[in-house]
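Undergrad: A predicted structure for the sequence below; I have some questions about it.
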Amino acid sequence: MRVRGHLYEDFTVGQVLQHHWGRTLNETDNTLFSTLTLHFNPTYFNAPYAQELGYKRVPLNPLLVFNTVVGMSVEDLSEIGGPFLGIDQLVYHQPVYPGETVYARSTVVAKRESASNPENGIVSWRTEGFNQGGEPVLSYDRTNLVRKGAPAK
């Protein structure tokens, strides 16, 4: 059986986790995501409008790109469980267009014991999303409560 996720003890500050696979996003992903989330900004489904705003063509909904990158990081960062504590410093560096493939990596930026919950620790990561050319498309900081492997003393 393959073990997925990491416990608090598995993380060290400065550790880099390259998230596997990547994901090619297409027009259908964009239309479905935007429609299902009621995100009716014409930038993400109207080519002339997007071009008037300076885009080469209709870009992907940035929330789709964000959710894809977060999803790619789950197996490595939080699959074992533990409450999600927040996202900070989210920056979109450039648009992503249909047909582009997004990849992600995370770096452990902080970890500490939880004062109120000794069975867990608090870990923060800096996650970066890249396109197939290695150019950054987004970055953010994420924090989770992460289960410890051994009971607290």
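TA: Yep, that arrived.
Undergrad: use CA for all of it now, contacts and neighbours both
TA: OK.
Undergrad: which residue is the nearest non-sequential neighbour of Gln89?
TA: Leaving aside its sequence neighbours, Gln89 sits nearest to Tyr140 (C-alpha to C-alpha, 6 or more residues apart in numbering; 5.1 Å).
Undergrad: help me confirm that the one you found is found in a strand?
TA: Yes: checked against DSSP: H, G, I helix; E, B strand; the rest coil, Tyr140 lies within a strand.
Undergrad: I figured it hits Arg126, correct?
TA: Yes: between Tyr140 and Arg126 there is a contact under C-alpha atoms under 8 Å: 5.8 Å.
Undergrad: so the two - more neighbours on which side?
TA: Comparing Tyr140 with Arg126 by other C-alpha atoms under 10 Å, the one with more neighbours is Arg126, at 21 against 18.
Undergrad: could you say which helix or strand holds that one?
TA: If you go by DSSP states H and E, Arg126 is part of strand 120-130.
Undergrad: so what pLDDT did Pro118 get?
TA: pLDDT recorded at Pro118 is 88.
Undergrad: what's the distance between it and Leu77?
TA: To Leu77, Pro118 is 19 Å away according to C-alpha to C-alpha, to the nearest Å.
Undergrad: pick out whichever of these two has more residues nearby.
TA: Comparing Pro118 with Leu77 by other C-alpha under 10 Å, the one with more neighbours is Leu77, at 27 against 13.
Undergrad: which residues touch the more buried one?
TA: Leu77 makes contact with Gly5, His6, according to C-alpha atoms under 8 Å, 6 or more residues apart in numbering.
Undergrad: dihedrals phi and psi, it?
TA: Main-chain dihedrals, Leu77, degrees, to the nearest 10: phi -100, psi -40.
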